[in-house]
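S.K.: Have a look; sequence and predicted model below, questions after that.
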Amino acid sequence: MMMHAVGARSVSRDLGGWRDDAGRRPAYRALADGIRLLVHDGRIPLGAALPGERELAGELQVSRTTVTTAYSVLREEGFLSSRQGSRSTVTMPAAPPRAPAVGSARRPEAGDVVDLSYAAMVAPVLEVQEAYSAALQALPPFLDTHGMEPHGIAVLREAIAARYCARGLETTPAQIMVTSGAQHAFRLLLGVLTAPGERVLVDHPTYPNALAAVRRVGGRPVPVPVRPEGGASRAWDLGGIRSAARQTAAGMAYLIPDFHNPTGLCLDDAGRAELARIARETRMTLVVDETMVDVWLDAPPPAPVAAHGRGLSEVVTIGSVSKSHWGGLRVGWIRAEPELIGRLVGSRSASDLGTPVMDQLAAVHLLDAGDGPVEARREILRAQRAVLLDELAARLPDWVPTVGTGGMSLWLRMPAPVSTALAATAPSHGVVLAAGPRFGVEGAFERYIRLPYARPADELRRAVAGVAAAYDALGVTVDPAEPALVV
């Protein structure tokens, strides 16, 4: 079923220099190859309807025959599906999985393997120990209660509200609900704000567990491309978000404008204002994931997206301490209007009765400690990012990294669509990877891989060496006729 239509201007923009000026391929073949690459990269989502032949021909200034023939080629290759009277929709050809090549290197022992399938740092041991020690000292007053706080304990909600106020967004504790991590927060919101079969707009690529959560409740993710080459001002396709919201009548969007996972990009202030405007115009609830908001490396983020909303109803914000402090501390929160908070609390009782009080008290201590401990972690990440970039430049110079202004990972474009095969081969060379398609919908991003820099420098060096060896083992050859995507 069609998700939404892609405009001719959008396709033309993303194709860039698609024409084969050297004359090695006819125009229809060059156009078909260009569109195929956009599908592999997730820039044209699966299930989306391509522009009509006449419309695209006019935008590209080619004959309609060129577009018609290109569409026919894509149809024969399994990238398009057409029905009488309907626009052609994007599909992915069925193909048996490619067997990974076996390298000559010895299979590494478990202790030699570097796990880059997750982007999370180890705990700052002293700070976490101090936080739990302080939590133990603060616990006695809660022992005279039943200890179940579905809203969250008051002192933590006050601390979270104060953080929003300091960032320029007036917030009261009544607008805060404490959850067992940001993923738990998103799952609660899905349960209250969506129903099975409803559409949810998402960044493309996006956080894999968010996609899993949408599918678990029977939702249908509608991908809108994030284009790294656009920078902070143009990476998010705001026009595409508005168009997709109107065409699909999506009731919710889940976006990560603060050091986006996996690209690390940060949406600028003007883009945030436009996002809030889109949510208001389309009556769509915008769920903004701020999990990475404290993990800025080059520049702090602008004011929260919710600061541009005229009310709490159009923008809901979720956050946590897992990335800024420690993933093992499962404390997150939701900022929303009190009416929605009440509905969420009522829904929560079906799954749990509150976040553990000790964890909440530990989170209070960490939040009250100020920016010092977090800045120390930022400094570590800056150094590790530099190491990863240097190693990639030396060993895999034809891989193109997206270097965001924060976050914990690089999003890399490879010369060939071998991400799944690479992830299957890499463990034999000492590295565990998350393949690019995990971050997309229905097979996109085979030309991409995410490499976190949350591990120590020596592990990153070993990891890149292993990735390079795995890539060589695949015997990748790039067709010289493969079109270069120029944007």
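M.R.: In hand now; what should we look at?
S.K.: ok, which stretches of the stretch 51-200 of the chain are strands?
M.R.: Along the stretch 51-200 of the chain, the stretches classed as strands by DSSP state E, counting those that start in this stretch are 80-81, 89-90, 114-115, 176-179, 199-204.
S.K.: Mean pLDDT and mean neighbour count added to these, as TSV?
M.R.: Heads up, the C-betas are built off the backbone N, CA and C, glycines and all. Formatted as TSV, the entries for the strands of the stretch 51-200 of the chain read as follows, by pLDDT from 0 to 100; neighbours: other CB atoms under 10 Å:
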stretch	mean pLDDT	mean neighbour count
strand 80-81	86	18
strand 89-90	86	22
strand 114-115	94	18
strand 176-179	97	26
strand 199-204	95	26
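S.K.: Let's have those in a markdown table, adding distance to Gly342.
M.R.: Supplementary listing: the strands of the stretch 51-200 of the chain in a markdown table, determined by distance: least, CB to CB, whole Å:
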| stretch | distance to Gly342 |
| --- | --- |
| strand 80-81 | 45 |
| strand 89-90 | 41 |
| strand 114-115 | 41 |
| strand 176-179 | 9 |
| strand 199-204 | 23 |
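S.K.: So for Ala299, which of those sits nearest?
M.R.: strand 199-204 (20.4 Å; CB to CB).
S.K.: hmm, who's touching the following helix or strand past that closest one?
M.R.: Stepping forward along the backbone from strand 199-204, the first helix or strand reached (DSSP states H and E) is helix 208-216. Under the criterion CB atoms under 8 Å, 6 or more residues apart in numbering, residues 183, 186-187, 190, 200, 202, 220-221, 254, 289, 434, 438-439, 441 lie in contact with helix 208-216.
S.K.: so Ile334 sits in a helix?
M.R.: No - with DSSP: H, G, I helix; E, B strand; the rest coil as the criterion, Ile334 is assigned strand and is not in a helix.
S.K.: what pLDDT does it get?
M.R.: Per-residue pLDDT puts Ile334 at 97.
S.K.: Does it have any beta-bridge partners, and if so which?
M.R.: According to DSSP bridges, Met177, Ile318 are recorded as the beta-bridge partners of Ile334.
S.K.: quick one, phi/psi of Val222?
M.R.: phi -110, psi 110 (degrees, to the nearest 10).
S.K.: nope, His429 is what I meant
M.R.: The phi and psi values for His429, taken as degrees, to the nearest 10, are phi -120, psi 20.
S.K.: got it, and the one 5 residues further on?
M.R.: Listed backbone geometry of Ala434 is phi -100, psi 120, with angles given as degrees, to the nearest 10.
S.K.: Identify the residues contacting it.
M.R.: Contacts were defined as CB under 8 Å, 6+ apart; by that measure Ala434 touches 116-118, 208, 423, 449-450.
S.K.: same thing but at 10 Å, please
M.R.: 115-119, 208, 262, 409, 419, 423, 449-452 (CB atoms under 10 Å, 6 or more residues apart in numbering).
S.K.: Show the contacting residues for Leu169.
M.R.: For Leu169, the contacting residues are 161, 163, 175, 303-309, 315, 317, 335, taking CB under 10 Å, 6+ apart as the criterion.
S.K.: Kindly report the same for Val222.
M.R.: Taking CB under 10 Å, 6+ apart as the contact definition, Val222 lies against 3-4, 45, 47-48, 199-202, 204, 214, 241, 244-245, 247-248, 250, 253, 441.
S.K.: so what's Ala166 up against?
M.R.: If a contact means CB under 10 Å, 6+ apart, then Ala166 has no contacts.
S.K.: do the same with Glu442
M.R.: 42, 45-47, 90-92, 221, 223.
S.K.: go again using 8 Å as the cut-off
M.R.: When contacts are counted by CB under 8 Å, 6+ apart, Glu442 is found next to 46-47, 92.
S.K.: likewise Ala470?
M.R.: With contacts defined as CB under 8 Å, 6+ apart, Ala470 is in contact with 103, 422, 425-426, 428-429, 431.
S.K.: Now the helix or strand encompassing it: buried residues?
M.R.: The secondary structure element spanning Ala470 is helix 457-473 (assigned by DSSP H and E). Neighbour counts using 16 or more other CB atoms under 10 Å place 457, 459-471, 473 of helix 457-473 among the buried residues.
S.K.: Can you add distance to Met358 and give the contacts of Ala470 back as a markdown table?
M.R.: Formatted as a markdown table, the contacts of Ala470 follow (distance: CB to CB, whole Å):
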| residue | distance to Met358 |
| --- | --- |
| Gly103 | 47 |
| Leu422 | 42 |
| Thr425 | 43 |
| Ala426 | 38 |
| Ser428 | 42 |
| His429 | 41 |
| Val431 | 36 |
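S.K.: of those residues, closest to Arg167?
M.R.: When the contacts of Ala470 are compared against Arg167 (criterion: CB to CB), the nearest one is Val431, at 37.4 Å.
S.K.: And the pLDDT at the residue lying closest to the closest one once chain neighbours are set aside?
M.R.: Setting aside the residues directly before and after it, Val431 is nearest to Gly466 in space (CB to CB, 6 or more residues apart in numbering), at 3.9 Å. Model confidence at Gly466, given as pLDDT, is 96.
S.K.: Would you check that my belief about Ile334 contacting Ile176 is correct?
M.R.: Yes - the pair Ile334 and Ile176 passes the contact test of CB atoms under 8 Å, sitting 7.3 Å apart.
S.K.: between those two, what contacts are shared?
M.R.: Ile341.
S.K.: Test my guess that Val288 contacts Gly319.
M.R.: No - contact criterion CB under 8 Å: Val288 and Gly319 do not qualify, at 9.1 Å.
S.K.: quick one, domains of this structure?
M.R.: Listed by automatic domain parsing, the domain ranges of the chain are 8-90, 110-119+373-473, 125-368.
S.K.: Direction included, what does the helix or strand containing Ala253 pair up with?
M.R.: Using DSSP H and E, Ala253 sits in strand 252-255. Based on DSSP bridges, the pairing partners of strand 252-255 within the sheet are strand 199-204 (parallel), strand 285-289 (parallel).
S.K.: could those strands go into a markdown table alongside distance to Val364?
M.R.: As requested, those are arranged in a markdown table below (distance: least, CB to CB, whole Å):
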| stretch | distance to Val364 |
| --- | --- |
| strand 199-204 | 31 |
| strand 285-289 | 22 |
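S.K.: Compare the ones you listed and give me the one nearest Leu396.
M.R.: Go through the strands paired with strand 252-255 one by one with CB to CB and the one that ends up closest to Leu396 is strand 199-204, at 24.2 Å.
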